[in-house]
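# I would like to see how this sequence folds:
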Amino acid sequence: MQPLGVCASQAAASTLEAAVSGAGIENVRFQDCRIAHTGGQGLYLRTGCHRVMVRHCLMEDLGAGGVCFGLCNNRRQPRANEVSSHLTVEDSIIRHGGRIMQAGVGVWMGHVHDCRVVHNEICDFFYTGVSLGWTWGYAPTANRDNLIAHNRIHHIGQGALSDMGGIYTLGDNTGSVVRNNWIWEVNGYADNGSPAWGLYTDEGSKGIVFSDNLVEKCRDGAVHQHYGTENLHTNSIFLTFNRFGVWRSRNEDHITLRINGNVFWWNDPEAGTYTGGGGYESLKDLPADGNLYWCTAGQPGKTAFKGQDWEAWRKAGKDAHGAIADPLFVDPANGDWRFRPDSPALKMGFRPFDWTDSGVYASDPDWVKKAA
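All right, here's what the predicted structure looks like:
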């Protein structure tokens, strides 16, 4: 670290000190590496890096984040030679981070395209698991066609910081996909008023498809859309939240978020499924349809659907093909979220997926044991 210290910005992204760092790196593979006991980041590949593989690596006891890739600059658009692309972080264990700068992130990517973060174990951080984008608002970006899939992301936030997500995005990410991730225990500093969510599309997030994700035990909620354009959540399972399943902070005159064909299952009768901030009375910019809702304590409350009951929600044009019904999980008490054959979710067209396929590859039992 620098002798006079360092200012830790959001996500500690401006912290360039790392155990391994560089810029303009191409066609390099980091495999079977261990990075541990760092003062700053684990691996930081800055501007102009292309075709880099990080595979089967262990990063733990990190002063800040694990893997950082790209440019941290929201003040101006990057030059063409500053944009990075084709990073793969795969089959790696990234854990116990933020030990000096709590804002460190498991995997952070800024101004990148065609990157893949797949089949990783990312856990025990005080801010965010995976962060993508880093252009606030609707300015043009280099971000596009990125994939975040099949990761286990858990024990994030842990009451230390706030305004975070298991997966967090910023800016236009058209063509990017977030799917088949298993996310749980994302909980922020509750007294701050800006808590934490499983999936968080922050300012200007655009064009991202979220599907086949299982999000559970995130106290404040599964999904948060601050403002953005045409992001979609579909065929996902949102479980055991204590406040609201879906948040939307600011409405706009275009579609910000679509919630289609998901299952919501919670057990707090005081909790709701949708809320909108900023004093707005409607969620006109948030179409919702074909979702299944079930509160184990009984019927959802009279204010569960953005301050109204189910009938008023339907009259407002929401969930014309939705339903309130028990999804009939196989064994929810023991975390078996498969559907029984007579599940109404299956009758409504929900496509079952195997959330246990997330995390490091099962073909290496010793690696799976180390991740666990």
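
# the helices in this structure, which residues?
With DSSP state H, the ranges of helices along the chain come out as 310-315, 344-347, 365-371.

# mind putting those helices in JSON lines, mean neighbour count and mean pLDDT included?
C-beta coordinates here come from the backbone N, C-alpha and C atoms, glycine included. Listed next are these as JSON lines, based on neighbours: other CB atoms under 10 Å; pLDDT from 0 to 100:
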{"stretch": "helix 310-315", "mean neighbour count": "15", "mean pLDDT": "93"}
{"stretch": "helix 344-347", "mean neighbour count": "18", "mean pLDDT": "98"}
{"stretch": "helix 365-371", "mean neighbour count": "13", "mean pLDDT": "97"}
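
# contact partners of the helix or strand of the chain with the lowest mean pLDDT?
Lowest on mean pLDDT, DSSP states H and E among the helices and strands of the chain sits strand 272-276, with a mean of 81. In this structure, residues lying in contact with strand 272-276 by CB atoms under 8 Å, 6 or more residues apart in numbering are 243-249, 251, 264, 266, 282-283, 286, 288, 293, 300-301, 303-307.

# out of those residues, which are buried?
By neighbour count, with 16 or more other CB atoms under 10 Å, the contacts of strand 272-276 hold 243-249, 251, 264, 266, 283, 286, 288, 293, 300-301, 304-306 as buried.

# Quick one: residues contacting the residue found closest to A160 once you drop the neighbours it is linked to in the chain.
The spatially closest residue to A160, leaving aside those adjacent along the chain, is F126, at 4.0 Å (CB to CB, 6 or more residues apart in numbering). F126 is in contact with 97-98, 102-104, 156-158, 160-161, counting by CB under 8 Å, 6+ apart.

# quick one on the thing from earlier: CA atoms of the least confident helix or strand of the chain as CSV?
Extracted in CSV, the C-alpha atoms of strand 272-276 (Å, rounded to 0.1, in the frame of the first residue of the first chain):
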residue,chain,number,x,y,z
GLY,A,272,-44.5,-7.1,0.5
THR,A,273,-43.6,-8.0,-3.0
TYR,A,274,-43.2,-4.6,-4.7
THR,A,275,-42.3,-1.1,-3.5
GLY,A,276,-41.4,2.2,-5.3
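
# next one: that strand to chain centre, how far?
Taking CA atoms, centre = their mean, to the nearest Å, one finds strand 272-276 lying 18 Å from the centre of the chain it belongs to.

# Report the separation between G298 and P327.
15 Å (CB to CB, to the nearest Å).

# Could you check which of these two has the larger neighbour count?
With neighbours defined as other CB atoms under 10 Å, G298 and P327 compare such that P327 has more, 22 against 8.

# OK, contacts around G129?
The neighbours of G129, taking CB under 8 Å, 6+ apart as the test, are 105-107, 122-123, 151, 153, 156, 165-168, 183, 186.

# Check it and give its pLDDT.
Here, the pLDDT recorded for G129 equals 98.

# so how far is R219 from it?
16 Å.

# on that earlier part again, please produce TSV containing the contacts of F126, extended by neighbour count.
Output for those, formatted as TSV (neighbours: other CB atoms under 10 Å):
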residue	neighbour count
G97	32
G98	26
Q102	17
A103	23
G104	29
I156	34
G157	29
Q158	18
A160	16
L161	21
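
# would JSON lines of the residues you listed with pLDDT be doable?
Output for the contacts of F126, formatted as JSON lines (pLDDT from 0 to 100):
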{"residue": "G97", "pLDDT": "97"}
{"residue": "G98", "pLDDT": "96"}
{"residue": "Q102", "pLDDT": "94"}
{"residue": "A103", "pLDDT": "94"}
{"residue": "G104", "pLDDT": "95"}
{"residue": "I156", "pLDDT": "98"}
{"residue": "G157", "pLDDT": "96"}
{"residue": "Q158", "pLDDT": "95"}
{"residue": "A160", "pLDDT": "94"}
{"residue": "L161", "pLDDT": "93"}
